[in-house]
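Trainee: okay, sequence plus prediction incoming.
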Amino acid sequence: MRIIFNILFIMLPLFAFGQREMIDNIIAQVGEEIVLLSEIEEQFSLASEQQVGLPSEAKCGIIDQLLSQKLILNQAKLDSVVVSDAEIETQLNARIDRILGFMQGDVAQFEAYYGKSVNEVKEEFRTDLRAQITTERMQANILADVKITPSEVKDFFNTIPKDSLPYFNSEVELGELVYKPKVNDEERKKAMDKAQSIRDRIVNDGEDFAELASIYSEDPGSGKLGGDLGWAKRNTFVPEFEAEAYTLEKGQISELVETEFGFHILQLIERRGNSVKVRHILIKPVITEADMELAASKLIEVQKEIMVDSITFSRAVKRFGDDKTQSYNNDGVMVNQKTGNSFFEIGDLEPDIYFAIDTLDINEMTTPMRFTSPGGEEMFRVVLLKSRTKPHKADLSLDYSRIQKAALESKKNVFINNWVEDKIESTYIEFTDPYGGCNMINDRWVKLK
């Protein structure tokens with residue numbers, strides 16, 4: 001059984017198309033979708049950057065992957081899979097914000113790199129993003145009912161030759177209690193007064209909202225775009241912000257809105273049904289060193305309660321932890337972003353965490369550690385060492401969750417491979433160019449037709 005070349009959840013990378021030079025050679029048509037030579041060359045170029053010495057034959061696998069994606073996209077349109085304009089806008093803004101984040105928010109650098117304005121980049125690739133999200137959604141629908149049983153996991157593991165079992169390095173499983181410092185009253189009032197002053201300049205003096213946003217807003221993503229947050233549907237923003245956004249008339253300036261992030265001034269740009277386009281200015285209260293010291297002291301008190309069994313670690317996370325931290329809803333268990341599971345190899349750990357847990361015994365905690373959250377906030381956490389394994393070959397009892405995940409991915413690959421082959425027979429497919437006579441393509445896509 002041939003397996004689709006990396007089809008599962010592999011889509012065009014984040015704005016890798018920045019320097020695309022379109023070559024309008026159509027290689028194939030799948031239903032109403034086309035595969036361009038430029039797409040193949042671009043994907044091969046990206047793959048070559050990630051894997052040095054990639055043979056040219058790898059293009060056959062890339063073509064197979066693209067054909068499969070086009071087939072799924074074509075079927076999504078036939079099945080009326082819908083992706084809203086608001087969702088596309090939100091995704092585009094998020095990706096733009098990520099790129100600007102890499103460039104320290106420098107819009108000029110962004111525009112020099114892409115040779116276009118931010119809005120031009122968004123417009124140019126809106127269609128590509130819609131196709132990507134639609135394909136992902138259709139693929140998720142296809143695979144929604146694919147589950148894996150314990151017996152299937154065991155069978156999968158037993159099919160791996162003993163001399164081919166992977167070797168796992170020492171791993172640890174960690175819990176964390178993240179505590180967010182509280183803003184003192186004086187700094188809160190300073191931030192509120194500053195935000196009110198800016199609002200007065202807009203409302204009373206007629207100054208331009210977007211210009212003031214670019215100067216004063218402390219939202220690094222939207223600030224550089226004049227505060228523009230793009231199109232968003234309901235439940236996108238925090239409740240206080242959203243409640244105000246949906247009460248505004250077009251062009252209206254809000255009163256100050258206080259959220260967990262600080263004080264906001266909103267302006268409604270446009271509204272379409274349940275979607276709004278707003279801009280805002282954010283002013284954040286300053287967390288002082290005195291506030292940080294109080295936070296560290298509070299966390300030490302909580303830690304003492306855990307150590308004398310007055311409260312469990314899990315319960316402490318729910319009572320005192322920051323509910324915006326991913327681990328909060330997982331009883332404090334930290335998730336390895338590289339693997340998606342709760343186990344970390346030493347190389348996956350942040351250096352400060354590695355050195356803090358290196359000498360701990362199981363179920364011991366670190367002292368409070370100061371760190372910067374992904375959102376740029378200064379916070380504290382204590383880390384609990386839940387388990388530690390020694391280096392070993394893959395073992396079903398020790399590594400069940402990891403093996404289960406691999407077994408499920410394998411089953412999904414087989415399932416979607418069969419789904420694609422079934423759809424090939426009922427889908428219009430025409431090749432303008434067989435692209436060098438790839439046997440894989442001829443056998444799978446051409447001969448079946």
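Mentor: Right, received. Where do you want to start?

Trainee: give the next helix or strand downstream of the longest helix along the chain.
Mentor: Ranked by residue count and defined by DSSP state H, the top helix of the chain is helix 400-424. Next along the chain after helix 400-424, taking DSSP states H and E as the criterion, comes strand 429-431.

Trainee: mean confidence score for that next one?
Mentor: Strand 429-431 carries an average pLDDT of 88.

Trainee: how about stretch 256-271?
Mentor: 94.

Trainee: which other residues reach that stretch?
Mentor: 191-192, 194-196, 198-199, 202, 209, 218-219, 227-228, 238, 240-241, 244-246, 248-254, 276-285, 324 (C-beta atoms under 8 Å, 6 or more residues apart in numbering). Glycine gets a C-beta too; all of them are placed from N, C-alpha and C.

Trainee: show me these that map onto helices.
Mentor: Per DSSP H, those map to helices at 191-192, 194-196, 198-199, 202, 209, 240-241, 244-245.

Trainee: picking up where we left off before, so which elements touch the longest helix of the chain?
Mentor: helix 58-78, helix 126-143, helix 150-158 (3 or more C-beta pairs under 8 Å, 6 or more residues apart in numbering; DSSP states H and E).

Trainee: just checking, what packs against the shortest one?
Mentor: If you count contacts as 3+ C-beta pairs under 8 Å, 6+ apart, helix 150-158 packs onto helix 400-424.

Trainee: residues contacting residue 207?
Mentor: residue 201.

Trainee: any idea of the pLDDT on it?
Mentor: pLDDT for residue 207: 96.

Trainee: state the three-state secondary structure for it.
Mentor: coil (DSSP: H, G, I helix; E, B strand; the rest coil).

Trainee: give me the phi and psi for it.
Mentor: phi -70, psi 160 (degrees, to the nearest 10).

Trainee: what does residue 247 give?
Mentor: The phi/psi pair for residue 247 (degrees, to the nearest 10) reads phi -100, psi -10.

Trainee: residues near it, how many?
Mentor: 11 (other C-beta atoms under 10 Å).

Trainee: just the pLDDT for it.
Mentor: 94.

Trainee: for residue 126, see how far away it is.
Mentor: 29 Å (C-beta to C-beta, to the nearest Å).

Trainee: residue boundaries of the strands in the stretch 201-350 of the chain?
Mentor: In the stretch 201-350 of the chain, the strands defined using DSSP state E, counting those that start in this stretch lie at 228-233, 257-259, 262-272, 275-283, 343-345.

Trainee: as a markdown table, these with mean neighbour count and distance to residue 395 would be great.
Mentor: Output for the strands of the stretch 201-350 of the chain, formatted as a markdown table (neighbours: other C-beta atoms under 10 Å; distance: least, C-beta to C-beta, whole Å):
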| stretch | mean neighbour count | distance to residue 395 |
| --- | --- | --- |
| strand 228-233 | 22 | 46 |
| strand 257-259 | 17 | 47 |
| strand 262-272 | 20 | 49 |
| strand 275-283 | 23 | 50 |
| strand 343-345 | 20 | 13 |
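
Trainee: so which helix or strand takes in residue 56?
Mentor: Judged by DSSP H and E, residue 56 forms part of no helix or strand.

Trainee: give me the neighbour count for it.
Mentor: Residue 56: 9 surrounding residues under other C-beta under 10 Å.

Trainee: from residue 64, how far off is it?
Mentor: Here residue 56 is placed at a distance of 15 Å from residue 64 (C-beta to C-beta).

Trainee: return the distance of the helix or strand bottoming out on mean pLDDT in the chain from the chain's centre.
Mentor: The helix or strand of the chain with the poorest confidence is helix 439-441; it has a mean of 78 (mean pLDDT, DSSP states H and E). Taking C-alpha atoms, centre = their mean, to the nearest Å, one finds helix 439-441 lying 34 Å from the centre of the chain it belongs to.

Trainee: got a list of what residue 130 touches?
Mentor: 83, 88.

Trainee: ok, now how distant is it from residue 203?
Mentor: Where residue 203 is concerned, residue 130 sits at a distance of 38 Å (C-beta to C-beta).

Trainee: circling back: tell me which residues of the longest helix of the chain come out buried.
Mentor: 402-408, 410-413, 416-417, 419-421, 423-424 (16 or more other C-beta atoms under 10 Å).

Trainee: that helix to helix 150-158, inter-axis angle?
Mentor: 90 degrees (axes from the mean of the first three to the mean of the last three C-alpha atoms, to 10 degrees).

Trainee: quick check, pLDDT for the closest residue to residue 331 other than its chain neighbours.
Mentor: Spatial nearest neighbour of residue 331, chain neighbours left out: residue 314 (4.4 Å); criterion: C-beta to C-beta, 6 or more residues apart in numbering. The predicted local distance difference test score for residue 314 is 94.

Trainee: from residue 308, how far out is residue 314?
Mentor: Counting by C-beta to C-beta - residue 314 and residue 308 are separated by 16 Å.

Trainee: before we move on, what about residue 390?
Mentor: Distance, residue 390 to residue 308, by C-beta to C-beta: 31 Å.

Trainee: do the same with residue 331
Mentor: 20 Å.

Trainee: so between the two, which is more surrounded?
Mentor: The residue with more neighbours, out of residue 331 and residue 308, is residue 331; 14 against 7, by other C-beta under 10 Å.
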